[in-house]
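> for reference, the sequence and a predicted model appear below.
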Amino acid sequence: MIQTSGLSKSFHDLHVLKGIDLRIAAQEIVVLLGPSGSGKSTLLRCLNGLEDPSGGSLEVNGIRVDADMPASKKRASFRDIRRDTGMVFQQFNLYPHKTVLGNVIESLLIVKKLPRTEAESIGMRLLERVGLADKRDQYPSRLSGGQQQRVAIARALATEPSVMLFDEPTSALDPELVGEVLAVMRELAGEGMTMAVVTHEMKFARQVANRVLFMDGGIIVEEQAPEAFFQHPQSERARKFLNQLN
Ligand code: ADP
Ligand code: MG
């Protein structure tokens with residue numbers, strides 16, 4: 001479903017991604033771990049074109065981007081990739097002037113150009129899935145952080161993406177609100193969604209991930225099944241990272 005080959009990204013002379021080779025199969029849940037600044041967000045952002053890769057190539061559900069493609073072709077491919085990818089950020093990034101339902105159906109109206117009634121019925125199904133049907137007419141500022149993030153997930157699901165990318169989706173939440181967001185993510189995983197998740201929730205990584213990738217300094221240092229990674233990290237860097245969490 002996702003494949004990268006020698007993917008690199010530099011900001012001027014700062015080499016942030018130094019040749020990432022990644023494969024994520026359909027329905028696989030991959031958790032990305034690594035210290036702050038190791039390039040996790042940049043990797044996710046390169047996958048859907050929020051960052052323009054500097055080198056290498058990537059493919060998402062059969063749509064390919066080479067870093068050295070002509071700019072117009074690259075833009076078109078990334079537009080297709082973004083339509084097939086849902087992204088959820090640490091900051092929920094909801095539209096403040098739209099209601100909960102308005103947020104969820106925005107892409108259905110604008111991108112898919114569905115009639116409003118049809119978009120609303122899809123939107124309500126999504127809100128039911130994340131347990132927020134009763135909040136349909138509220139504005140985001142009236143919701144808790146956990147509720148806002150569940151709306152953001154519903155919004156990301158609206159266009160029926162093949163892949164969901166999560167960048168620290170619970171890091172901005174008060175501890176007591178983390179569980180409700182993870183519960184929605186677990187359910188998605190159980191339904192067979194393909195997911196790449198940057199998170200510091202180690203219990204989620206252990207229980208839900210099929211694979212853990214450990215990044216440091218812009219490379220994938222280690223790649224293991226969660227139990228193996230947490231019990232027997234192979235690299236010194238991963239051992240140090242895990243020790244600092246305890
Ligand atoms: P992580 O998500 O693992 O904490 P990031 O991918 O956010 O790491 O960042 C990796 C490195 O890239 C950091 O040194 C960060 O400062 C740098 N970086 C990220 N985005 C930009 C940008 N737009 N311009 C310049 N440097 C950036
Ligand atoms: Mg980050």
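Yes, it's here. Ligands and ions are numbered 1, 2, ... in the order given.
> residue 1 reaches residue 194, doesn't it?
Yes: contact criterion C-beta atoms under 8 Å: residue 1 and residue 194 qualify, at 4.6 Å. C-beta here means a position set from N, CA and C on the backbone, and glycine is covered the same way.
> what packs against the lowest-mean-pLDDT helix or strand in the chain?
Across the helices and strands of the chain, the lowest-confidence element by mean pLDDT, DSSP states H and E is helix 236-245, at a mean of 93. Contacts defined by 3 or more C-beta pairs under 8 Å, 6 or more residues apart in numbering; DSSP states H and E place helix 236-245 against strand 211-216, strand 219-224.
> which of residue 1 and residue 194 has more neighbours?
Taking neighbours as other C-beta atoms under 10 Å, residue 1 and residue 194 compare with residue 194 leading, 23 against 18.
> how far away is the more buried one from residue 202?
Using C-beta to C-beta, to the nearest Å, residue 194 is found at 21 Å from residue 202.
> for residue 142, same thing?
Residue 142 is 32 Å from residue 202, by C-beta to C-beta.
> now the helices for the protein?
40-47, 71-83, 100-110, 116-129, 145-157, 175-190, 202-208, 226-231, 236-245 (DSSP state H).
> switch those over to JSON lines; also include distance to residue 10 and mean neighbour count.
Formatted as JSON lines, these follow (distance: least, C-beta to C-beta, whole Å; neighbours: other C-beta atoms under 10 Å):
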{"stretch": "helix 40-47", "distance to residue 10": "10", "mean neighbour count": "23"}
{"stretch": "helix 71-83", "distance to residue 10": "16", "mean neighbour count": "16"}
{"stretch": "helix 100-110", "distance to residue 10": "31", "mean neighbour count": "21"}
{"stretch": "helix 116-129", "distance to residue 10": "38", "mean neighbour count": "16"}
{"stretch": "helix 145-157", "distance to residue 10": "28", "mean neighbour count": "24"}
{"stretch": "helix 175-190", "distance to residue 10": "32", "mean neighbour count": "17"}
{"stretch": "helix 202-208", "distance to residue 10": "29", "mean neighbour count": "16"}
{"stretch": "helix 226-231", "distance to residue 10": "28", "mean neighbour count": "16"}
{"stretch": "helix 236-245", "distance to residue 10": "22", "mean neighbour count": "14"}
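> okay, these in CSV with distance to residue 31 next?
Listed next are the helices of the chain as CSV, based on distance: least, C-beta to C-beta, whole Å:
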stretch, distance to residue 31
helix 40-47, 10
helix 71-83, 21
helix 100-110, 26
helix 116-129, 22
helix 145-157, 17
helix 175-190, 11
helix 202-208, 4
helix 226-231, 7
helix 236-245, 13
